[in-house]
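Colleague: Just need the structure, nothing else, for what follows:
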Amino acid sequence: QSALMNLQANQDLLNRAGHVAKLGAWEFNPKSGKYFWSSELYQILEIDPDSEIKAESGLDYYHPDDRNKAEEAFVALVEKGEKYDIDVRLHYEHGRTKWVRSIGLPVLRGDEVIFCYGMIQDITEMKDRERELHESMSLFNQAFMNAPLGITLIGMDGLWLKVNPALCSLTGYTEEELVGRHFMDLVHPDDIPEDKVAFNQIIEGKAETIEREKRYIKKNGDIFWVKMNASVVRDKSGNPRYFITQVFDVTDRRNYELQILKTSEEARKAAKAKSEFLAQMSHEIRTPMNAVVGITNLLYEETRNQPEMHEKIEVLKFGADNLLSIVNDILDVSKIEQGSLKIDMLNVDIREILKGVKGIYAQRADEKQLDFNVHIGEDVPMLLKGDPQRITQILNNLVSNAIKYTNKGKVDVYVQGERNKENF
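Modeller: Below you'll find the predicted structure:
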């Protein structure tokens with residue numbers, strides 16, 4: 001009784017193991033033609049366990065494209081005692097299929113096959129994974145081979161394992177010439193030390209990827225610039241297996257940047273030379289102009305009692321003052337470009353400045369028959385803080401343009417004050 005119980009327990013254990021492994025067993029007696037199928041085999045074949053088992057009915061379950069293969073293997077097993085281990089498909093209703101691994105083994109007495117046994121294991125999931133892996137590898141290979149940029153696989157010893165056509169095109173080497181060669185053989189000698197440091201950072205886990213620009217040497221000796229991205233592929237234990245790198249040709253961009261830098265430097269030198277010239281010219285012109293303005297002012301005062309002469313001197317004074325103002329503007333431009341323009345904060349009588357501006361441009365306004373008026377608010381203090389020369393320049397420019405581009409009507413200048421919490 002105990003032995004029977006142990007036998008039943010072992011049988012149950014085998015059945016459960018077969019169910020977990022999706023492994024069905026079978027036996028066949030060639031003399032009697034009798035079959036035995038395990039319960040799991042019935043489930044794999046998806047048939048009723050009470051169904052009658054026949055050799056031809058078993059073969060009917062194989063996919064039409066695999067039926068001959070399965071039948072030949074089974075006949076060779078029964079008639080010649082040749083064992084087999086094949087992967088074939090089973091065929092079900094509505095076009096469904098399963099992949100199985102089918103194994104058959106003989107029991108011989110001399111040369112006679114007296115008994116056969118074997119197993120059928122459902123390997124559909126494994127085949128699906130193999131198919132997905134194959135498709136994934138196929139997609140990777142297509143992307144690898146057809147990519148417009150250079151892609152490489154580099155072993156941990158620095159030797160190229162695989163290169164794509166784009167890299168061959170960049171370097172002028174064939175795939176056969178590059179695979180098995182150390183990648184630093186093509187790196188410019190001056191860039192090798194930084195390359196070693198960068199790749200060691202990835203190996204040591206200090207960086208996941210690296211990105212740097214460096215120079216490669218083509219097969220014909222030409223030097224070109226590339227931008228390289230590299231990362232390491234690790235196994236499940238975290239150990240590095242190989243590098244995958246992407247290489248872009250950035251020679252045109254580097255040359256463009258160098259040209260921009262060269263052009264910028266040339267422009268900077270030209271601007272400096274222009275500023276120095278303007279400053280020198282302004283100083284050279286302003287020296288005699290100061291004498292002209294000085295003499296003009298003296299004549300202007302001395303001819304007040306000679307109306308006709310005074311009017312002519314006034315025109316001369318107006319021209320001299322404007323020419324000196326233009327010279328000062330040129331000097332200010334050169335100072336701005338050199339970064340040396342100084343703003344003075346002095347007491348400013350805005351009313352006096354506006355009076356002078358009106359006196360200068362009143363004649364122009366009269367010539368164009370324009371009304372020209374200056375309005376100063378009562379809340380504007382007598383003295384303000386500012387640079388009188390800059391304020392005068394600004395007002396001269398504003399009024400000059402206003403009169404120049406106004407064909408009829410009037411030109412008004414308004415000065416009003418705004419007061420905040422701290423300043424006027």
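Colleague: In three-state terms, label Phe277 for me.
Modeller: The three-state label given to Phe277 by DSSP: H, G, I helix; E, B strand; the rest coil is helix.
Colleague: That one and Met289, how far apart?
Modeller: Applying Cβ to Cβ, to the nearest Å, one obtains 18 Å for the distance of Phe277 from Met289. (Glycine included, C-beta is placed from N, CA and C.)
Colleague: Ok, Pro388 next?
Modeller: Relative to Met289, Pro388 is positioned 19 Å away (criterion: Cβ to Cβ).
Colleague: hey, where'd the helices end up in this protein?
Modeller: Secondary structure of the chain by DSSP state H: the helices cover 2-21, 39-45, 55-60, 64-80, 124-146, 165-171, 175-178, 192-203, 251-302, 307-338, 350-367, 388-404.
Colleague: mind listing what's buried in stretch 399-406?
Modeller: Along stretch 399-406, the positions that meet the burial threshold by neighbour count (16 or more other Cβ atoms under 10 Å) are Val399, Ser400, Ala402, Ile403.
Colleague: Ok, stretch 180-197 next?
Modeller: Across stretch 180-197, burial judged by 16+ other Cβ under 10 Å covers Phe183, Leu186, Val187, Asp191, Asp195.
Colleague: Farthest pair within those?
Modeller: With distances taken as Cβ to Cβ, the most widely separated pair in those is Phe183 and Asp191, at 11.9 Å.
Colleague: got the contact list for Gly81?
Modeller: Pro106, Leu108, Asp111, Val113 (Cβ atoms under 8 Å, 6 or more residues apart in numbering).
Colleague: change it to 7 Å
Modeller: Residues in contact with Gly81, defined by Cβ atoms under 7 Å, 6 or more residues apart in numbering, are Pro106, Leu108, Val113.
Colleague: before we move on, back to that, between the buried residues of stretch 180-197, which sits nearest Leu370?
Modeller: For the buried residues of stretch 180-197, the minimum distance to Leu370 (Cβ to Cβ) is 71.1 Å, reached by Asp191.
Colleague: Setting aside sequence neighbours, what's the nearest residue to the closest one?
Modeller: Setting aside the residues directly before and after it, Asp191 is nearest to Lys214 in space (Cβ to Cβ, 6 or more residues apart in numbering), at 4.0 Å.
Colleague: Quickly list what that neighbour is bridged to.
Modeller: Using DSSP bridges, the bridge partners assigned to Lys214 are Val226.
Colleague: Over to Arg101?
Modeller: Asp87, Gln121.
Colleague: Hmm, it is touching Asp87, no?
Modeller: Yes. Counting by Cβ atoms under 7 Å, Arg101 does reach Asp87; the two are 5.6 Å apart.
Colleague: With neighbour numbers in mind, choose between those two.
Modeller: Here Arg101 and Asp87 are set side by side on neighbour count (other Cβ atoms under 10 Å), and the busier one is Arg101, at 17 against 14.
Colleague: quick one on the thing from earlier: for Arg101 and Asp87, list the residues in contact with both.
Modeller: Where contact means Cβ under 7 Å, 6+ apart, the residues bridging Arg101 and Asp87 through contact with each are Ile123.
Colleague: before we move on, back to that, could you export the helices of the chain as CSV, including distance to Tyr414?
Modeller: Formatted as CSV, the helices of the chain follow (distance: least, Cβ to Cβ, whole Å):
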stretch, distance to Tyr414
helix 2-21, 97
helix 39-45, 100
helix 55-60, 107
helix 64-80, 98
helix 124-146, 71
helix 165-171, 69
helix 175-178, 78
helix 192-203, 65
helix 251-302, 30
helix 307-338, 23
helix 350-367, 10
helix 388-404, 11
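Colleague: Of these, which is nearest Gly158?
Modeller: The minimum distance between Gly158 and these falls on helix 192-203, with 8.1 Å, by Cβ to Cβ.
Colleague: got a list of contacts for the closest one?
Modeller: When contacts are defined by Cβ under 7 Å, 6+ apart, helix 192-203 is touched by residues Met184, Val187, Ala207, Ile210, Arg212, Lys214, Ala230, Ser231, Val232, Pro240.
Colleague: among those residues, which ones are buried?
Modeller: Using 16+ other Cβ under 10 Å as the threshold, Val187, Ala207, Ile210, Lys214, Ala230, Val232 are the buried ones among the contacts of helix 192-203.
Colleague: follow-up on the earlier one: can you redo the buried residues of stretch 399-406 as TSV with pLDDT and distance to Val247?
Modeller: What follows is the buried residues of stretch 399-406, written out as TSV (pLDDT from 0 to 100; distance: Cβ to Cβ, whole Å):
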residue	pLDDT	distance to Val247
Val399	86	64
Ser400	85	62
Ala402	90	63
Ile403	87	66
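Colleague: Show me which of those residues is closest to Lys219.
Modeller: When these are compared for distance to Lys219, the smallest value, 68.6 Å, is given by Ser400; criterion: Cβ to Cβ.
Colleague: quick one: contacts for the closest one?
Modeller: Residues near Ser400 by Cβ under 7 Å, 6+ apart: Tyr361.
Colleague: what's near enough to touch Thr406?
Modeller: Leu370.
Colleague: how much space is there between it and Met156?
Modeller: With the distance defined as Cβ to Cβ, Thr406 ends up 81 Å from Met156.
Colleague: go on, Asn328?
Modeller: The gap separating Asn328 from Met156 is 72 Å, by Cβ to Cβ.
Colleague: Of those two, give the one with the bigger neighbour count.
Modeller: Neighbour count, other Cβ under 10 Å: between Asn328 and Met156, Asn328 has more, with 16 against 13.
Colleague: Pull the number of nearby residues for Glu266.
Modeller: Counted with other Cβ under 10 Å, the neighbours of Glu266 add up to 10.
Colleague: Revised request: answer the last question for Phe372.
Modeller: Applying other Cβ under 10 Å, we find 21 other residues in the vicinity of Phe372.
Colleague: show me the contacts for the spatially closest residue to it that is not a sequence neighbour.
Modeller: Distance criterion Cβ to Cβ, 6+ apart; nearest residue to Phe372, sequence neighbours excluded, is Ala365 at 3.6 Å. Under the criterion of Cβ under 7 Å, 6+ apart, the contact list for Ala365 reads Phe372, Ile403, Val411.
Colleague: For this structure, name the helix or strand with the lowest mean pLDDT.
Modeller: When each helix and strand of the chain is scored by mean pLDDT, DSSP states H and E, helix 2-21 comes last, with a mean of 58.
Colleague: Kind regards, and thank you for your time.
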